[in-house]
Structure formats: C-alpha cells, structure tokens
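Asker: Fold the following, please.
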Amino acid sequence: MEINSYSTWLEIDLNAITENVAYIKRMTGVEVMAVIKANGYGHGARPAAQAAVQGGATWCGVARIEEALALRRAGISAELMVLGYTPPSKIPEAIDQQIVVSLFDPSQAETCLNYARINGGRLRAHVKVETGMGRLGMLPEEVIPFLRALQGSAIQVEGIFTHFARADEPESGYTQRQIEIFNQLLAELEHEGLKPPLVHAANSAAVFNFPQAWYNVVRPGNAIFGMSPSPAMHLDPALKPALAWKARLISVRTFQPGQGISYGSIYTTKSNERIGVIPVGYGDGFRRVDNQQVLVGGKRVPIVGRVCMDQAMLQLDTVPDAKPGDEVVLIGTQGDETISVDEVAERWSTINYEVVCGLADRLPRIYTK
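Answerer: Below you'll find the model as predicted:
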C-alpha cells in the first residue's frame, strides 16, 4: 500500500539495518548475534531479522521463546537464542525448532533438563554468568560443577555469556572488572576442558568501547538500528538510523485570541494563531509531555496543548503555507532539520530504547530498501 494511504506511519530503512550489521561484522571480525527482541526494538522483528541476516548476522537474539517461535514460523532459518527465561513447558518446542535457551540458575536448568528428558530430544543451551549486572546468571563458582554435572545429559551446552551493566561508561572501570571476572572463569573452564565453543558478552556499547570483550560472538542490539547505546556515547558515524516517524496534517485552522487548545485549555491562543492537527497521540506512543517539536515544511514547530490519545496540535504561524495533507516529521529528517530518537528521548526524560519500543502496533510500518 502506498504511503499516501496512511495518516501516520513509520518508515523503516532495511538497508540501514543490513549495512549497520555488516559494518559491525567487519569491524569486529567475529560472528554477530543481532538482538531483535521487543519486536525488533519497535522496527518489526521479522523484517529486522531478515535484514540483519542479509548483513551477515548468523544469530538473532530475542528475550522470550514466543518471539523465537514467531521468527521460525516466519521463515527465519538463522540460529535463534532466547536471552531471557524460557518456561519449562516450552522446552519441547525449543528442541523441535532448534532454538537455543539460556541457563542462568542451576535449579532452573534442572527443570529444563527434566523436560528435555521427557521430550526425548537434546536441548541446546548457553550458560549465563553473573559478573556484575545483578540480574540473571550463575555465580562463577557455580559454573564448573554445573557443567560437569551436565556432561552426557539431554542438555548440550554450546556457549557461555555474560552481560555488562555499564559498558557505556568506559572510564568507570566497572566493565573491565566484569571482563576480568569472566576471563578468569573462561581460563578455569579451559583448564578443566569444559569451555563451551561460543563465548559472548559485548552489547552495543561494548562493541565500540571494549574490543577485548568481542570474544567470538558480539551481541549488538540498538546499534544495528542506528541508535546510540546511551546518551553518554556518540553514535559511530558509520551507523545509519533505520527509523523515521511521519504523519500528515489533517486540519489547519486560524483561531482568534483566547481560544483554549486541547484538554484543560493549558494553552490559549494569544493572537490570531494557525493551529494544525496531526492524527498522532499517546495511543501511538507519542508521550503526553511539554515542550515538544515536530518538523513541518523543513522547520521546527511546537506542539501546543495537551497531547490527546489520537491527536496532537501544532502552532503553525512560522509555516504560513502549511496545509492539510502536508507531511509532518516526528522522528527523522525534513529539509535541513533532523529530530533524532535521542532528542525525543531527552524531551521525554528517558532513553532511545524506550521511545522506539513504545511505538504502538497500530502504527503502519513501511519497509524500504
């Protein structure tokens, strides 16, 4: 369907995802596990996975087994890994669909093993190690006895990994300490003949800040979509943003002085003002906060009044030629102006991850190459 058929939509540049993955693969020289959880960070899981694989990713990482199964059903044949929790009842499906699960606790692993035995198959798994994130993972001292106990069992451990808490703060020393803890464990596993073949730790921030943590697989997430891992990090200029959010003006009217705009009338016109309406609101993931801007006619214009569930109002006096049907850019570039996801995140007092993951399913996603 043509873009003109929509009143608001997301444009996803699949070439940007492909090229971002290819760049990371060239830079690191190791396998890439493209993390596409949460509907591919709002970009669409299946198209994002296809684009990442085209760029050279041999793995796709997700948070939940349901995400992995959906990708298999969609025809994604790349290796799939569930980075979070897999309910034991889903173990037979994981075995059947060749989906790798995470083992992060000995008791959780024992339950998974029992389900694998009942199923009569062999469960592929990676062991997650707690090195400083304070979330999921076995303690380093638990790993060797755990792997010994699993030898010859219905669980095939193919990898070991950890996750960094502060890789976007290279000067803190915290990540380096996590790497040292992990490396010490890897050395002990090597000595005992228990080291799994695949080792991974580097999230997007570590891909760029800690090359010593590349091992033989890296695990970038938001970087493959051309977003900075944190406000403290500058985006590598080789990475290109994949997402733009656009809408169309559906109304432009001139109101006399004293007209309240939107719920609560927190904005009142001070003179004859041209007010436009776009069919975008918090029901789409556009936050109900103050001091927001969008692009119309290549210029920044303010959102005025409260953002509604399905509409937002713009003050258009600086764009006298604006008319219904004109394109409005909420995220992206128009003319010489750009509103980035990072800028939106700053206005919303959050991070870019939350902005894109909060984009509603009802927003049409238009894929370009």
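
Asker: and the gap between the most centrally placed residue in the chain and Lys128?
Answerer: When C-alpha atoms, centre = their mean is applied to the chain, the residue found nearest the centroid is Tyr41 (3.1 Å). From Tyr41 across to Lys128, the span is 21 Å (C-beta to C-beta, to the nearest Å). Where C-beta positions appear, they are placed from N, C-alpha and C, glycine not excepted.

Asker: Over to Gly335?
Answerer: For Gly335, the distance to Lys128 - C-beta to C-beta - is 47 Å.

Asker: These two: who's more crowded?
Answerer: The residue with more neighbours, out of Gly335 and Lys128, is Lys128; 23 against 10, by other C-beta atoms under 10 Å.

Asker: so that one touches Gly159, yeah?
Answerer: No - counting by C-beta atoms under 8 Å, Lys128 does not reach Gly159; the two are 9.6 Å apart.

Asker: And the protein, split by domain according to the record?
Answerer: For the chain, automatic domain parsing gives the domain ranges 14-224, 243-368.

Asker: Which one of those lies nearest to Pro231?
Answerer: Nearest to Pro231 among the domains of the chain is domain 243-368; the distance by C-beta to C-beta comes to 6.7 Å.

Asker: So what's the gap between the closest one and the chain middle?
Answerer: 23 Å (C-alpha atoms, centre = their mean, to the nearest Å).

Asker: and if you look at stretch 199-215?
Answerer: 17 Å.

Asker: Quick check: mean pLDDT of it?
Answerer: Per-region confidence: stretch 199-215 scores 98 on mean pLDDT.

Asker: Which positions in it come out as buried?
Answerer: 199-210, 213-215 (16 or more other C-beta atoms under 10 Å).

Asker: give the contact list for Leu186.
Answerer: 160, 195, 199 (C-beta atoms under 8 Å, 6 or more residues apart in numbering).

Asker: Okay, strands next: where are they in the stretch 251-369 of the chain?
Answerer: Secondary structure of the stretch 251-369 of the chain by DSSP state E, counting those that start in this stretch: the strands cover 251-255, 260-261, 267-268, 273-278, 293-296, 299-304, 312-315, 327-334, 337-339, 365-368.

Asker: export those to JSON lines and tack on distance to Ile155?
Answerer: Below are the strands of the stretch 251-369 of the chain laid out as JSON lines (distance: least, C-beta to C-beta, whole Å):
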{"stretch": "strand 251-255", "distance to Ile155": "60"}
{"stretch": "strand 260-261", "distance to Ile155": "61"}
{"stretch": "strand 267-268", "distance to Ile155": "60"}
{"stretch": "strand 273-278", "distance to Ile155": "52"}
{"stretch": "strand 293-296", "distance to Ile155": "52"}
{"stretch": "strand 299-304", "distance to Ile155": "53"}
{"stretch": "strand 312-315", "distance to Ile155": "51"}
{"stretch": "strand 327-334", "distance to Ile155": "43"}
{"stretch": "strand 337-339", "distance to Ile155": "48"}
{"stretch": "strand 365-368", "distance to Ile155": "37"}
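
Asker: Poorly predicted segments of the chain, please.
Answerer: For the chain, the stretches with pLDDT under 70 are 1-3.

Asker: measure the spatially closest residue to Gly134 that is not a sequence neighbour to Val307 for me?
Answerer: Nearest residue to Gly134, sequence neighbours excluded (C-beta to C-beta, 6 or more residues apart in numbering): Ala165, at 7.1 Å. Applying C-beta to C-beta, the value for Ala165 to Val307 is 34 Å.

Asker: quick one: which of the two has more around it?
Answerer: The neighbour comparison of Ala165 against Val307 (other C-beta under 10 Å) goes to Val307, with 23 against 16.

Asker: give me phi/psi at the closest residue to the more buried one other than its chain neighbours?
Answerer: Take Val307 and drop its neighbours on the chain: the residue closest to it by C-beta to C-beta, 6+ apart is Arg288, 4.5 Å away. Note on Arg288: backbone dihedrals following degrees, to the nearest 10 are phi -90, psi 70.

Asker: Restricted to strands, list the contacts of Leu186.
Answerer: Residues of the contacts of Leu186 located in strands (DSSP state E): 160, 199.
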